[in-house]
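In: Fold the stuff below for me.
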Amino acid sequence: MLDSLLIKVGNSSWSTGFRLWPQRHHFAADIYMAENTHYDLIVIGSGPGGAALAQRLAPTGKRILILERGDYLPREEANWSGQAVFVEGKYQADEKWVNKDGGTFAPQLHYNVGGNSKVYGSALFRLRERDFDEVEHAGGVSPAWPLSYQDFAPWYDEAEALFHVHGRRGEDPLDPGSTAYPFVPVKHEPKVQELSDKLTGLGLHPFHLPLGILLDQKEDGFATPTSVCMRCSYFDGFPCLLNGKADAQVMCVDPTIRDYPNVTLLTGAYAERLDTDASGRRVESILVQRDGRQERYSADTVVVACGSLSSALLLLRSANEQHPNGLANGSDQVGRNYMRHEMSIVMAVMKHVNETVFQKTLALSDFYFNSGDPDYPHPLGLIQMCATSHADQIKGEAPLASIMKHLPDMPFAEMARHSMDFWLQTEDLPIPENRVYYQNGQVHLDVTETNEESLKRLKAKLEQVLSDIGWPAMLIERSLYLGKDIPLSGTAHQAGTCRFGTDPSTSVLNLDCRAHEVANLYVTDASFFPSIGAVNPTLTIIANALRVASIIEARL
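Out: Alright, predicted model coming up:
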């Protein structure tokens, strides 16, 4: 029998039931074998793709094990420190990878319960309906998906309800959703509302960002006394000290292990490799490193959801005689076609003061598929607002030394008071050369920009729009946002390393996101994306995980 322990996680609404592991182990071939190590389902990774799937399958009563290589992200005052989170990268993985030029960098990965969603911005968009078709960009062609938007539509509905998405259907002209959002939009503060009105006056279509957030609002938009979220200025790339962000831990992992004794979470459990049976057609066991020793676990069905980069690396580490180039890699596509959006975070420094606290409430998609310029008939992408700048973040930005000569009399705190912050993203195009792989025992990530000109023009479009509404601004790049010492484009919004398709020679997964070559292996993070569009990928990850869960449920 497994013992149990009930502890508090987050606010009083969320508690976590842990099944503690028995301390008796059997030693064989230098690997410890814990009792009761066979499960109906093992999910590797507790981010959105793994956690959403596990919570949907929990009511089946099947024995489910979630393996998470990290632990719970500490709840501490540093959660809301720009210096700790952005400048020091306190919660990022302590790793060094190699880029295509041979230099090293620290990947922006977070090994925690909830995965990278612990520090995501909670912007939960549906891919546009046209994103599922072939789209021609200045940098190349974005391939069509083997399934259409309609195949995902009901799962998007379920995903929005699961992650408490706040929004207003009909404002965004490109939003393909037909049912109302489950929660009303997060209300704009006065300066953001003024921006929205001015953009509308130009004939543009600003809309409320669809946000996954545990917010109860009063009529004036402020949080109610009992709301988990209090609309603070530390939303977005910060961990939420109050657990008011709808992340995978808060919305899926904690309530699932609290309510379903058949689901167990094992933290500090690094999946070293997947071993197959003699035929190579089934995963037979998972070799796990935990507490300085190796353990083996097995399951009838295995789901990999470590994030696109880590999932691909796990499959590559699992090479064997039947799969010499990596598990499920007969197509040589595992790790390839890596995408992460062409992104730019800019601080628009203006003459007027911006007293907005909760700033991330507005977006603009008018230039998503068409620049509007006769000389450049190509898609640009999405403009959205992000969290308010803080003085310690600005001070830590490496490029600021070169621009301080333009603002010599403006202290960092004053610069923050006169700024609005915008997140720009353009579609990144899949090419085989953009890939993650091992070489000489080191992780290599090769990235070549594919759509730079569109991002440059999107930034110019924002600058022109701000000027047109009478708010001329100096746009300053925020290179540290969600990073430590490299630009955001390093590993954010990772996707595409195990894409799905109908042809086993050009794809890793079939349309059920099951490996073509391994009958009981599924992948449910953004690895399966054939293209990434120009909206944040998390809602599509969740929707697909729910879709795949329904398929696995039928097999279970």
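
In: Which positions within the longest strand anywhere in the chain qualify as buried?
Out: Criterion DSSP state E: the longest strand present in the chain is strand 293-304. Residues of strand 293-304 classed as buried by neighbour count (16 or more other Cβ atoms under 10 Å): 295-297, 299-304. (Each C-beta comes from the backbone N, C-alpha and C, glycine too.)

In: Give me the distance between K62 and E553.
Out: Separation of K62 from E553 (Cβ to Cβ, to the nearest Å) stands at 9 Å.

In: out of the two, which sits in the more crowded spot?
Out: Neighbours were tallied for K62 and for E553 using other Cβ atoms under 10 Å; the higher tally belongs to K62 (19 against 15).

In: tell me the pLDDT at the more buried one?
Out: You'll see K62 listed with a pLDDT of 98.

In: Same check on V349?
Out: 89.

In: what's the answer for A387, then?
Out: Note on A387: pLDDT of 86.

In: I figured G326 hits L313, correct?
Out: No: taking contacts as Cβ atoms under 8 Å, G326 lies outside contact range of L313: 9.3 Å.

In: Mind listing the shared neighbours of these two?
Out: Residues touching both G326 and L313 (Cβ atoms under 8 Å, 6 or more residues apart in numbering): G335.

In: And those two? Which one has more around it.
Out: Neighbour count, other Cβ under 10 Å: between G326 and L313, G326 has more, with 23 against 20.

In: which stretches of the stretch 51-200 of the chain aren't confidently modelled?
Out: Filtered on pLDDT under 70, the stretch 51-200 of the chain yields no residues whatsoever.

In: hey, where'd the strands end up in it?
Out: All strands of the stretch 51-200 of the chain, identified by DSSP state E, counting those that start in this stretch, fall at 64-67, 97-99, 104-105, 135-137, 140-142, 165-166.

In: Can you tell me what sits against the last one?
Out: For strand 165-166, the external contacting residues (Cβ under 8 Å, 6+ apart) are 124, 159, 181-186, 208, 210-213, 215, 246, 539.

In: and if you look at the first one?
Out: Strand 64-67 is contacted from outside by 39-46, 50-51, 54, 57-58, 253, 257, 262-266, 269, 271, 286, 288, 297, 299, using Cβ under 8 Å, 6+ apart.

In: So which of the residues you listed belong to helices?
Out: In helices, defined here by DSSP state H, the members of the contacts of strand 64-67 are 50-51, 54, 57, 257.

In: Switch the residues you listed over to TSV; also include distance to S227 and neighbour count.
Out: Output for these, formatted as TSV (distance: Cβ to Cβ, whole Å; neighbours: other Cβ atoms under 10 Å):
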residue	distance to S227	neighbour count
G50	28	30
A51	23	33
A54	27	30
L57	31	27
I257	25	25
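
In: Among the residues you listed, which one lies nearest to K90?
Out: A51 (22.9 Å; Cβ to Cβ).

In: residues near the residue nearest to A387 when sequence neighbours are not counted, how many?
Out: Closest residue to A387 apart from its sequence neighbours, by Cβ to Cβ, 6 or more residues apart in numbering: D236 at 3.3 Å. Look at D236: counted by other Cβ under 10 Å, it has 23 neighbours.

In: before we move on, what about A84?
Out: Neighbour tally, A84, other Cβ under 10 Å: 18.

In: wait, isn't it in contact with V119?
Out: No: contact criterion Cβ under 8 Å: A84 and V119 do not qualify, at 11.9 Å.

In: the helices in the stretch 351-500 of the chain, which residues?
Out: 391-396, 400-403, 412-417, 452-468 (DSSP state H, counting those that start in this stretch).

In: Of all those, which one is nearest F132?
Out: Per Cβ to Cβ, nearest to F132 of the helices of the stretch 351-500 of the chain: helix 452-468, 19.6 Å.

In: Show me what the very next helix or strand once past the longest strand of the chain is packed against.
Out: Per DSSP states H and E, the first helix or strand lying C-terminal to strand 293-304 is helix 308-317. If you count contacts as 3 or more Cβ pairs under 8 Å, 6 or more residues apart in numbering; DSSP states H and E, helix 308-317 packs onto strand 270-276, strand 293-304, strand 435-439.
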